[in-house]
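1. below: sequence and its predicted model.
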Amino acid sequence: MRKFVKSLAKKAKIASYALAKLPSKKKNAILVKMAGSLLANKKFILEENAKDVKNAVKNRLPKSFIERLTLNEKRLKEMSGSLKAVAKLEDPVGKVIANTKRPNGLKLKKVRTPIGVVLIIFEARPNVTSDCIGLLFKSSNAAILRGGRDSINSNKAIGKVLKKAIDASGISFEPFFIIDKPDHRIVDLLLRENENIDLVIPRGGEALIRKVAAASKIPVIKHYKGVCHIFVDKKCDIKKALRISINAKVQRPSVCNAVEKILVHKDIAKKFLPLLKKEFDKYKVEIRGDRKTYRILKGIKRAKSADWFAEYLDLIVAIKVVSDINEAIAHINFYGSHHTDSIITKDINNAKRFTKEVDSACCFVNISTRFSDGYQFGLGAEIGISTDKLHARGPMGLEELTTYKWIAEGDGQIRQ
């Protein structure tokens, strides 16, 4: 097993050097072929995905897990569309970030370069396979992908289809490697390959990410969980606040940018909360409220201390009545996961305070938390959403998959 992992990591490193020389035009043409190949082979991919879904149901895995695992024609079209969108984006590799000339005539350039080899460790969502391959290929990074055993058939099928498209394009090296062996020892060994692997991005539940971060000898970009908040301010458009809150919770509750907590200003709580409950009842959303919310909304559950930290990934929401924006900001910074938080308000000053003082990767004003997404940000797709502060934060696209080098040009200068 150790030999297999070391050989794979070395192959990926060699491939990264070859990939760095590939022209943008060639990369874009291959990405378009990959996008077309997903749709041309949809029957095969969906059949393989159905095997994973069947096994997940048989093993009684959570509904939220199965929802993330499931592919359909709509999601395949979205995956294909993401690859096409990435192909149209500007290639960050070789882009000059800064240009300067020193008094001694030395010319300095700061230039974007690929990171090298990126290891992606993920769980249920098969679209991660194509999104990550597309972004890493466009940014000239070699990819090693290790999906969970519950999505193994889907990941193998997507990888096989994309590899065919690449082989047909005539390049002589493998730009990505999908590990289809379920042995958990492989991950432990890969996380020690710091000589050949440059970055690790785990995508999945908090337990997976913490395990990877603890075991890795390689830098890790993390996103532990998405405890996203909406604060409904006293000066707000009630109809917009209702529409945004419903969308943020029910449009796709199993993903990390779905809202988990709603904070409501005390001055509008008695008016707003019954309207919100009426809408949530239509979608069978379970409400867990603090003491003040519990008094206003009869029949709901009382929130416990653990609820304020919880990421439900389900049709459950915790609601708290707060006295003002100060309490709302303090609550979010203490209980939140620094992922995505939104304020619904007509007060410009409160909007500015919220975006300045809330310590999250994405701070929104009058929009759903569901917009925290690489595709929605115009990044084509995303490699993940980072809640770290170094070197990337929020939805990660092409630029976040590059580092830089300094290029200096002179005419015989020597150091005095």
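-> The structure has been received and is ready for your questions.
2. contacts, neighbours, all on C-alpha from now
-> OK.
3. okay, now residue 415: neighbour count?
-> 3 (other CA atoms under 10 Å).
4. quick one: contacts for residue 287?
-> By CA atoms under 8 Å, 6 or more residues apart in numbering, the contact list for residue 287 reads 277, 300-301, 316-319.
5. which SS class is it?
-> Assigned by DSSP: H, G, I helix; E, B strand; the rest coil, the conformation of residue 287 is strand.
6. grab the nearest non-local neighbour of it.
-> In this structure, residue 287 finds its nearest non-sequential neighbour in residue 317, 5.2 Å apart by CA to CA, 6 or more residues apart in numbering.
7. what about residue 75, how many neighbours?
-> Using other CA under 10 Å, residue 75 is surrounded by 13 other residues.
8. so it, which of the three states?
-> Counting by three-state DSSP, the backbone at residue 75 sits in helix.
9. what residues are up against the nearest residue to it once chain neighbours are set aside?
-> Distance criterion CA to CA, 6+ apart; nearest residue to residue 75, sequence neighbours excluded, is residue 127 at 7.9 Å. Contact partners of residue 127, counting by CA under 8 Å, 6+ apart, are 75-76, 79.
10. biggest helix in the protein by residues?
-> helix 2-20 (DSSP state H).
11. next one: it to chain centre, how far?
-> The chain centre lies 25 Å from the centre of helix 2-20; the measure is CA atoms, centre = their mean, to the nearest Å.
12. tell me the mean pLDDT over it?
-> Per-residue pLDDT values across helix 2-20 average out to 96.
13. and that helix, what does it pack onto?
-> strand 117-122, strand 142-146, helix 185-190 (3 or more CA pairs under 8 Å, 6 or more residues apart in numbering; DSSP states H and E).
14. can you say which of those is packed in most?
-> Mean neighbour count (mean count of other CA atoms under 10 Å) peaks for strand 142-146 among the helices and strands packed on helix 2-20, with a mean of 26.
15. same for the helix-or-strand element of the chain with minimal mean pLDDT, what does it pack against?
-> One helix or strand of the chain scores below all others by mean pLDDT, DSSP states H and E: helix 63-69, with a mean of 88. Helices and strands touching helix 63-69, by 3+ CA pairs under 8 Å, 6+ apart, are helix 42-58.
16. alpha carbons of the helix it packs on, in PDB - could you do that?
-> Output of helix 42-58 as PDB, limited to C-alpha atoms (Å, rounded to 0.1, in the frame of the first residue of the first chain):
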ATOM      1  CA  LYS A  42     -25.300  10.400 -18.800                       C
ATOM      2  CA  LYS A  43     -27.000   7.000 -18.900                       C
ATOM      3  CA  PHE A  44     -23.900   5.300 -17.700                       C
ATOM      4  CA  ILE A  45     -23.200   7.900 -15.000                       C
ATOM      5  CA  LEU A  46     -26.800   7.800 -13.700                       C
ATOM      6  CA  GLU A  47     -26.800   4.000 -13.600                       C
ATOM      7  CA  GLU A  48     -23.600   3.900 -11.600                       C
ATOM      8  CA  ASN A  49     -25.000   6.600  -9.300                       C
ATOM      9  CA  ALA A  50     -28.200   4.600  -8.800                       C
ATOM     10  CA  LYS A  51     -26.100   1.700  -7.400                       C
ATOM     11  CA  ASP A  52     -24.600   4.100  -4.700                       C
ATOM     12  CA  VAL A  53     -28.000   5.500  -3.900                       C
ATOM     13  CA  LYS A  54     -29.500   2.000  -3.500                       C
ATOM     14  CA  ASN A  55     -26.700   1.000  -1.200                       C
ATOM     15  CA  ALA A  56     -27.100   4.200   0.900                       C
ATOM     16  CA  VAL A  57     -30.800   3.500   1.300                       C
ATOM     17  CA  LYS A  58     -30.100  -0.100   2.200                       C
END
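17. mind listing what's buried along that helix?
-> Applying a neighbour-count criterion of 16 or more other CA atoms under 10 Å, the buried positions in helix 42-58 are 42, 44-46, 48-50, 52-53, 56.
18. and those residues as CSV, adding distance to residue 308?
-> Listed next are the buried residues of helix 42-58 as CSV, based on distance: CA to CA, whole Å:
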residue, distance to residue 308
42, 41
44, 43
45, 39
46, 38
48, 38
49, 35
50, 36
52, 33
53, 31
56, 29
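19. residue 416: neighbour count?
-> For residue 416, the neighbour count with other CA under 10 Å is 3.
20. just list the residues touching it, thanks.
-> Residue 416 touches nothing, counting by CA under 8 Å, 6+ apart.
21. sorry, back to before: ok, which of the helices and strands packed on helix 2-20 comes nearest residue 284?
-> strand 117-122 (29.8 Å; CA to CA).
22. which other helices and strands contact that closest one?
-> Packing partners of strand 117-122 (3+ CA pairs under 8 Å, 6+ apart): helix 2-20, helix 127-138, strand 142-146, strand 199-203.
23. quick one: these as a markdown table, columns for distance to residue 231 too.
-> As requested, the helices and strands packed on strand 117-122 are arranged in a markdown table below (distance: least, CA to CA, whole Å):
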| stretch | distance to residue 231 |
| --- | --- |
| helix 2-20 | 45 |
| helix 127-138 | 31 |
| strand 142-146 | 37 |
| strand 199-203 | 27 |
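24. looking at the ones you listed, which is nearest to residue 247?
-> Residue 247 lies closest to helix 127-138 among these, at 22.0 Å (CA to CA).
25. just the angle between that closest one and strand 117-122, please?
-> With axes from the mean of the first three to the mean of the last three CA atoms, to 10 degrees defining the directions, helix 127-138 sits at 170 degrees from strand 117-122.
26. and the buried residues of helix 42-58 as a markdown table, adding pLDDT and distance to residue 266?
-> Listed next are those as a markdown table, based on pLDDT from 0 to 100; distance: CA to CA, whole Å:
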| residue | pLDDT | distance to residue 266 |
| --- | --- | --- |
| 42 | 97 | 51 |
| 44 | 98 | 54 |
| 45 | 98 | 51 |
| 46 | 98 | 49 |
| 48 | 97 | 51 |
| 49 | 97 | 47 |
| 50 | 97 | 48 |
| 52 | 96 | 47 |
| 53 | 96 | 44 |
| 56 | 95 | 43 |
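27. for the record, mean pLDDT for stretch 151-159?
-> Stretch 151-159 shows a mean pLDDT of 95.
28. perfect, that will be all.
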